[in-house]
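Participant: my questions are about this predicted structure, shown below with the sequence.
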Amino acid sequence: MKAFLATTCIVTGALLAGGCATKKYVRTTTAPIQAKVDQVGEQTNRNGQAIEDTRTQVKQVDEKAQSGISAAQERAATADQHATAADQHATAADQHANTADQHAGEAMNRATQAAQTADQANRGLDGLRQVVSNIDDYKLQSSVAVPFKFDEYTLTPDTKLQLDKLADDVRPDKRFFIAVEGFTDNSGARQYNEALSRRRADTVVQYLVAKHDIPIYRIHMIGLGEEKPVEEGRNRAARAKNRRVEVKVFSADQVTASLNGNAGDSSASRFSSPDAAATPPRQ
């Protein structure tokens with residue numbers, strides 16, 4: 001029995017001694033592992049923080065990228081609008097250029113027509129110079145002195161007959177003009193006589209135009225009062241002769257016919273027509 005107890009005590013002591021040794025071994029073995037695990041945990045924590053920081057940076061970069069993309073899209077849209085406006089301006093410029101070309105063509109046509117007209121005018125002017133150079137060749141064809149009573153300016157039946165005959169004689173002519181000069185005697189004031197002489201001349205002109213349709217542009221009228229008396233005497237007979245209107249017809253038909261025969265072109269013929277060459281210059 002004592003031997004059993006001793007054996008038991010020895011075994012128990014051995015077990016206890018072995019258990020203490022095992023714990024110490026475990027502690028010695030596991031301590032480095034735990035330290036390693038702790039290091040790994042810390043590293044993991046640091047890695048997690050780094051990952052989180054990276055995510056934050058990535059998010060910021062993404063936001064910046066999105067902002068840059070939006071700005072680029074806006075600039076692209078603005079550039080498209082500018083390009084469209086530039087295309088429209090270019091189209092308008094092309095239209096303006098086409099219009100300018102058309103205007104230039106029209107201007108060239110007008111310039112050509114003006115040059116042609118100028119050439120025709122120059123040819124016509126040459127013909128007119130020929131007529132004007134011979135303007136003194138208008139010759140006195142007929143004349144009549146229409147008498148008036150003292151201080152009157154109305155036509156009598158006899159004086160109307162004189163004017164009728166003169167108008168009938170000039171009717172066939174194409175190139176002519178009529179000079180109408182009014183006069184008075186030397187009785188009364190000079191200013192009054194000048195006005196009276198114009199009234200007498202105007203009465204004759206009105207009769208020729210209204211009764212015989214003679215164009216007014218063919219008639220030259222003037223009132224000379226008591227100038228150019230036909231009688232210098234102061235008696236009744238002399239004064240009666242001075243109260244008059246002298247009507248003179250000048251014609252250039254023969255001269256113009258000669259010019260037409262020598263010229264032989266249309267421009268000279270045009271300026272020798274009744275409405276052009278026949279009208280002498282105003283006096």
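Facilitator: Thanks, I have it.

Participant: check what pLDDT Arg27 gets.
Facilitator: With respect to pLDDT, Arg27 scores 66.

Participant: lowest-confidence helix or strand of the chain?
Facilitator: The helix or strand of the chain with the lowest confidence, counting by mean pLDDT, DSSP states H and E, is helix 266-271 at a mean of 42.

Participant: what stretches of the stretch 51-200 of the chain score poorly on pLDDT?
Facilitator: 83, 114, 117-118, 120-137 (pLDDT under 70).

Participant: ranges for the strands of it?
Facilitator: Here the stretch 51-200 of the chain has its strands, by DSSP state E, counting those that start in this stretch, at 139-147, 176-182.

Participant: what residues of the shortest one count as buried?
Facilitator: For strand 176-182, burial by neighbour count (16 or more other C-beta atoms under 10 Å) applies to 176-182. (Each C-beta comes from the backbone N, C-alpha and C, glycine too.)

Participant: and stretch 155-175, by the same measure?
Facilitator: Buried-residue list, stretch 155-175, by 16+ other C-beta under 10 Å: 155, 159, 162-163, 166-167, 170, 173, 175.

Participant: please flag which of the residues you listed sit within helices.
Facilitator: 159, 162-163, 166-167, 170 (DSSP state H).

Participant: dump the buried residues of strand 176-182 to CSV, plus distance to Ala85.
Facilitator: As requested, those are arranged in CSV below (distance: C-beta to C-beta, whole Å):
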residue, distance to Ala85
Phe176, 74
Phe177, 71
Ile178, 75
Ala179, 76
Val180, 76
Glu181, 79
Gly182, 80
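
Participant: tell me the contacts of the spatially closest residue to Gly223 that is not a sequence neighbour?
Facilitator: Nearest non-adjacent residue to Gly223, counting by C-beta to C-beta, 6 or more residues apart in numbering: Arg198, 3.1 Å away. By C-beta atoms under 8 Å, 6 or more residues apart in numbering, the contact set of Arg198 is 182, 221-223.

Participant: please tell me how far the residue nearest the centre of the chain sits from Asp202.
Facilitator: With distances taken as C-alpha atoms, centre = their mean, the chain has His103 as the residue nearest its mean C-alpha position (10.8 Å). Here His103 is placed at a distance of 53 Å from Asp202 (C-beta to C-beta, to the nearest Å).
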